[in-house]
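Asker: this one's structure only:
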């Protein structure tokens, strides 16, 4: 589905959408809001680059951050669920990852964790290893993957 089709599907189901982004810095929100008329479906985008922002804006637990680190499915789940709670939307997608350059043995460059929260379903998470493609390509791939998660939730 294209961003326009995602918006149309959400509109048809009466759902509003929020995005929660760290390593993509708002790229998913841009993809959706590039579509004229998106404001009736797209409610808001949270760009929570720092751990402090994740906690203050979304209620991500400091314990979860300390135990799992920001790049984890546990944090991605809390980010997506926090968007539902704080924005009052029906569907939220979250992204947290290491776009690069850098990373570590345990959290390599290109690892991105996603969360998808829907009012009527359990929050889903997944991790994708995009590999060391370079910062721009990892961010673009993560954006496309988040859009595909929204599309699948609306199919």
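Answerer: Thanks, I have the structure now. In this text the structure is predicted, and so the values were computed from the model without any measurement.
Asker: hang on, residue 138 in a helix?
Answerer: Yes - applying DSSP: H, G, I helix; E, B strand; the rest coil, one finds residue 138 inside a helix.
Asker: how many neighbours does it have?
Answerer: 25 (other C-beta atoms under 10 Å). For the C-beta atoms, the positions are set from N, CA and C on the backbone; glycine is no exception.
Asker: touching, it and residue 95? I think so.
Answerer: No - using C-beta atoms under 8 Å, residue 138 is not in contact with residue 95; the gap is 10.7 Å.
Asker: which residues do these two both contact?
Answerer: Residues touching both residue 138 and residue 95 (C-beta atoms under 8 Å, 6 or more residues apart in numbering) are 23, 112.
Asker: what ranges do the strands span in the protein?
Answerer: If DSSP state E is used as the criterion, the strands of the chain fall at 17-21, 42-47, 91-97, 111-118, 124-129.
Asker: so what are the sheet partners of the second one and their directions?
Answerer: Sheet pairing here is set by DSSP bridges, and for strand 42-47 it gives strand 17-21 (parallel).
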